[in-house]
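> No letters, just coordinates:
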């Protein structure tokens, strides 16, 4: 049996498809191919459940002639947009997708009426393989780091040798990013050194946080590490404080305690940290009761209301209490796994 799994982007969304890919492989033992944008190929390269990764630069049709020769038996569409649906039609084989719930999301964002089911998107993804008899094994997310990309935290900076907290400071949209001045106030009260994680575009924000932190023990790695290297740092952290972004889901794949910070979007959209059976390993930091929230299912380059209260009103005292509780849960999880 040969199966094609479609998920074009992005980092977090692709990581969230890994339980489906693992379950397909372990329960049916098919040959599994994936298709994604070229930029995200590395997310699949080290996955032992995937036979071949197909990539494109501008449009999935770039792969179509070669995909047609593969003669797939089934297509699992975990993207479900017009491009993925067109690709499925042109391949001409049976397949399935999942309920994307666009109408329900629109209602929540535009009217405040919540008709969304209380179900994580990973569990909705599994509806796409239900007709194959594949079920969720409850083992959570996967992320595989190549040996060449593994780093030792103490070699990145000596002060990290006795444990550290990772803080993910980036995000695709401004309204999903914890402001530097708030991040600095949180860091000042943490009991461990802090590693800032992010891409090149986050380097300046990281430097600003360092300036605001004064005497706090802090290491800014933004722009200095690849995604896999950042994931390696996450895998060694005692706790991960993160915006709603890809590294949040990578942290969940390593069962690291996660404090997830939410701004203009809300967890009810179904993309919160995925810890099946381990809900004590994550906490949500958000400003509840704002009539303007959620203002989007994705995010904006600036606050539409110009006050950015969904981030500026985050309660640092409450966040510290959540951190302390999560650190205790993380210690229990380590002892359990040992």
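Looks like it arrived, so ask away. This is a predicted model, so every value here is computed, not measured.
> Please count neighbours and contacts with C-alpha atoms only from this point.
Noted.
> what's the closest non-adjacent residue to residue 99?
residue 124 (6.7 Å; Cα to Cα, 6 or more residues apart in numbering).
> Please name every helix or strand in contact with the top strand by length along the chain.
Counting residues, the longest strand found in the chain (DSSP state E) is strand 31-37. The contact analysis (3 or more Cα pairs under 8 Å, 6 or more residues apart in numbering; DSSP states H and E) places strand 31-37 against strand 2-6, helix 18-28, strand 52-56.
> from the ones you listed, which stretch is densest packed?
strand 2-6 (a mean of 22; mean count of other Cα atoms under 10 Å).
> which residues touch residue 76?
For residue 76, the contact set (Cα atoms under 8 Å, 6 or more residues apart in numbering) comprises 3-6, 95-97, 128-129.
> which SS class is it?
Judged by DSSP: H, G, I helix; E, B strand; the rest coil, the three-state class of residue 76 is strand.
> Find the nearest non-adjacent residue to it, please.
That would be residue 5: by Cα to Cα, 6+ apart, it lies 4.7 Å from residue 76.
> Any figure for the gap between that neighbour and residue 224?
Between residue 5 and residue 224 the distance is 32 Å, computed by Cα to Cα, to the nearest Å.
> For the most far-flung residue of the chain relative to its centre, which three-state class applies?
Centroid-distance maximum for the chain: residue 69 at 33.1 Å, with Cα atoms, centre = their mean. Classification of residue 69 using three-state DSSP returns helix.
> separation between it and residue 320?
Distance from residue 69 to residue 320, by Cα to Cα: 55 Å.
> can you check residue 220 too?
Distance from residue 220 to residue 320, counting by Cα to Cα: 21 Å.
> Show me which of the two is the more surrounded one.
residue 220 (21 against 16; other Cα atoms under 10 Å).
> what's the more buried one in contact with, if anything?
Taking Cα under 8 Å, 6+ apart as the criterion, residue 220 is in contact with 195-197, 203, 206-207, 210.
> Return the member of those nearest to residue 149.
Distances from residue 149 to the contacts of residue 220, taken as Cα to Cα, are shortest for residue 197 (15.4 Å).
> Next up, the contacts around that closest one.
166-170, 220-222, 230.
> In the longest helix seen in the chain, which residues are buried?
Identified as the longest helix of the chain according to DSSP state H is helix 316-337. For helix 316-337, the neighbour count (16 or more other Cα atoms under 10 Å) marks 316, 319-320, 322-323, 325-327, 329-330, 333 as buried.
> do stretch 122-141 as well
Result for stretch 122-141 [16+ other Cα under 10 Å]: buried residues 122-129, 134-136, 140-141.
> could these be laid out in JSON lines, adding secondary structure, distance to residue 27 and pLDDT?
Output for the buried residues of stretch 122-141, formatted as JSON lines (DSSP: H, G, I helix; E, B strand; the rest coil; distance: Cα to Cα, whole Å; pLDDT from 0 to 100):
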{"residue": "122", "secondary structure": "helix", "distance to residue 27": "17", "pLDDT": "98"}
{"residue": "123", "secondary structure": "helix", "distance to residue 27": "17", "pLDDT": "97"}
{"residue": "124", "secondary structure": "helix", "distance to residue 27": "18", "pLDDT": "97"}
{"residue": "125", "secondary structure": "helix", "distance to residue 27": "16", "pLDDT": "98"}
{"residue": "126", "secondary structure": "helix", "distance to residue 27": "13", "pLDDT": "98"}
{"residue": "127", "secondary structure": "helix", "distance to residue 27": "15", "pLDDT": "98"}
{"residue": "128", "secondary structure": "helix", "distance to residue 27": "15", "pLDDT": "98"}
{"residue": "129", "secondary structure": "helix", "distance to residue 27": "11", "pLDDT": "98"}
{"residue": "134", "secondary structure": "coil", "distance to residue 27": "7", "pLDDT": "98"}
{"residue": "135", "secondary structure": "coil", "distance to residue 27": "8", "pLDDT": "98"}
{"residue": "136", "secondary structure": "coil", "distance to residue 27": "10", "pLDDT": "98"}
{"residue": "140", "secondary structure": "coil", "distance to residue 27": "16", "pLDDT": "98"}
{"residue": "141", "secondary structure": "coil", "distance to residue 27": "16", "pLDDT": "98"}
